[in-house]
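**Student:** pasting a predicted model and its sequence here:
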Amino acid sequence: MEKSFSLIVFSFFSRQQTPFANPLRVDIHSHLLAGIDDGSQSLEESIAMLKILRTMGYEKFITTPHIMSDLYRNDPDGIRSKLSELQQAIATEGLSVEMQAAAEYHLDEALMHKVARSEEILTFGKRYLLFETNFLSEPLQIKNFIFQATSKGYQLMLVHPERYEYMTLAKAEDLRNRGVVFQINVLSIMGYYSRPVQKMAYQLIDKGWVEFLGTDCHNLLQARFIFENRTNKYFQKALHLPLLNNQL
């Protein structure tokens, strides 16, 4: 990269920006721990991302690295170690943000076994367990997983339901009737992924079926995209829902 992350952030903020009042103070989905998954690849990049998001009004981040048995075999101890590294870098930088960590669990057999065996699972708040599924087809075990996990006292949060190709409003309503809460990606609302994803995000917002918004920020490009599209009308509409972010 020709410019350092510090120079990129400086040039970014040196341009005149449209004023923006963000009522959200807590982001509950991001990939800010360096070198642990497909998110930030260095502490410098993590700090650069945090500086941009902090300017949007975020004061607390519950960052959520992937845990996937066939790709990202992270564990609670490793995540806590990476969190400590980032917290130290934040302190050195003098950045005024609070940083915690949980995880984004992929719904697979490994997660089912963790729940069944009462192994340690990283949660936050009211035992919120963030989980994602594959993007193409509805998992056959999803209803059983919901029953087992809620029986163990977890509050299940399905992240970015708008991104799953199998998702329909009828399926979304069924999941919500089973006690699952939804977290929509800010990037989805702003059209970062695709038009169909954005359309589903709009529909879920119109229904009021959104408890949390998350940046799901993986890199500096995405942080800049969020900042530059913060006046998106449906993002503004979502901000007026009774979101639970700030209760954490």
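**Tutor:** Nice, thanks for sending it over.
**Student:** now residue 94: how far from residue 44?
**Tutor:** Counting by Cβ to Cβ, to the nearest Å, the separation of residue 94 from residue 44 is 15 Å. Any C-beta I mention is one placed from the backbone N, CA and C, and that applies to glycine too.
**Student:** higher neighbour count, the two?
**Tutor:** Shown here are residue 94 and residue 44; by other Cβ atoms under 10 Å, residue 44 has more neighbours (16 against 6).
**Student:** surely residue 158 is in a strand?
**Tutor:** Yes - counting by DSSP: H, G, I helix; E, B strand; the rest coil, residue 158 is found in a strand.
**Student:** okay, and the beta partners of it?
**Tutor:** Bridge pairing for residue 158 (DSSP bridges) gives the partners residue 131, residue 182.
**Student:** heads up, I number from 89, so please use that
**Tutor:** New numbering, starting at 89: the last item is residue 246.
**Student:** hmm, it is touching residue 266, no?
**Tutor:** No - between residue 246 and residue 266 there is no contact under Cβ atoms under 8 Å: 10.4 Å.
**Student:** these two: which is more packed in?
**Tutor:** residue 246 (22 against 13).
**Student:** ok, that one - contacts?
**Tutor:** When the contact criterion is Cβ atoms under 8 Å, 6 or more residues apart in numbering, the partners of residue 246 are 219-221, 263, 268-271.
**Student:** any low-confidence regions in the chain?
**Tutor:** For the chain, applying pLDDT under 70 flags the ranges 89-108.
**Student:** number of nearby residues for the closest residue in space to residue 160 that isn't next to it in sequence?
**Tutor:** Spatial nearest neighbour of residue 160, excluding adjacent residues (Cβ to Cβ, 6 or more residues apart in numbering): residue 154 at 4.2 Å. When neighbours are defined as other Cβ under 10 Å, residue 154 has 18 of them.
**Student:** so who does the residue nearest the centre of the chain touch?
**Tutor:** Nearest residue to the geometric centre of the chain (Cα atoms, centre = their mean): residue 117, 1.9 Å. Applying Cβ under 8 Å, 6+ apart to residue 117 gives the contacts 150, 152, 192, 218, 247, 271, 273, 300, 302-304.
**Student:** buried sites along stretch 237-257?
**Tutor:** By 16 or more other Cβ atoms under 10 Å, the buried positions in stretch 237-257 come out as 237-238, 242-252, 255.
**Student:** residue ranges for the helices of this protein, please.
**Tutor:** For the chain, the helices defined by DSSP state H cover 93-102, 131-143, 164-181, 197-204, 230-239, 257-265, 274-277, 283-295, 308-316, 321-327.
**Student:** looking at those helices, which is buried most?
**Tutor:** helix 274-277 (a mean of 26; mean count of other Cβ atoms under 10 Å).
**Student:** just list what it packs against, helices and strands only.
**Tutor:** Here helix 274-277 touches helix 283-295, strand 300-302, helix 308-316, helix 321-327, going by 3 or more Cβ pairs under 8 Å, 6 or more residues apart in numbering; DSSP states H and E.
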